[in-house]
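K.L.:
Everything below, folded, please.
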Amino acid sequence: MKPATAAKKLGVYLPATPASFQEGGVTRAELHELQANPPEWLSELRRNGPHPRPVVAAKLGVSIAGLARGGVTEPLTTGQIEELKQEQPEWLVRERATQAEVRKEAARIKQRNKEKQERAARRS
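P.N.:
Predicted structure coming up:
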């Protein structure tokens, strides 16, 4: 697979990976090996970053779109993420509230669908 795909699956920012990783292809076996026994560079990237947007969004508890609305377009390090958590800028508070509402609505819909299925099963 392409290095970009492998980096995405590993949850790391491709430009921060070693040149040997960026230039070569990664087989499925190599990917599984990297996941099972990460080398030091991979452990370091996962621990300190820079992190890609999906990881930054997850660590901040917001959506990727929420990051963009907040003006965060670049990869962030773990230290920068922690700094944002401490500062609690207005956009982060707002986006976390939005994300909480989205999760709450998704849970409500899931529960509603489950109840519909149970009612349908009882009728059968």
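
K.L.:
what about the helices in the chain?
P.N.:
For the chain, applying DSSP state H gives helices covering 3-10, 19-23, 28-36, 40-48, 53-60, 64-69, 78-87, 90-123.

K.L.:
What is the fourth one packed up against?
P.N.:
It stands for helix 40-48. Applying 3 or more Cβ pairs under 8 Å, 6 or more residues apart in numbering; DSSP states H and E, one finds that helix 40-48 contacts helix 78-87. All C-beta atoms are positioned from the backbone trio N, CA, C, and that covers glycine.

K.L.:
can you give me how far stretch 43-55 is from the chain middle?
P.N.:
Computed by Cα atoms, centre = their mean, to the nearest Å, the chain-centroid distance of stretch 43-55 equals 10 Å.

K.L.:
and that stretch, which residues are buried?
P.N.:
Neighbour-count burial for stretch 43-55 flags L45, G49, P50, H51, P52, R53, V55 (criterion: 16 or more other Cβ atoms under 10 Å).

K.L.:
of those residues, closest to G11?
P.N.:
G11 has its nearest neighbour among those in V55, at 5.4 Å by Cβ to Cβ.

K.L.:
Quick check: that closest one touching A7?
P.N.:
No. Using Cβ atoms under 8 Å, V55 makes no contact with A7, being 11.0 Å away.

K.L.:
if we can go back for a sec, just give me the least confident of the buried residues of stretch 43-55.
P.N.:
By pLDDT, G49 ranks lowest within those, coming in at 86.
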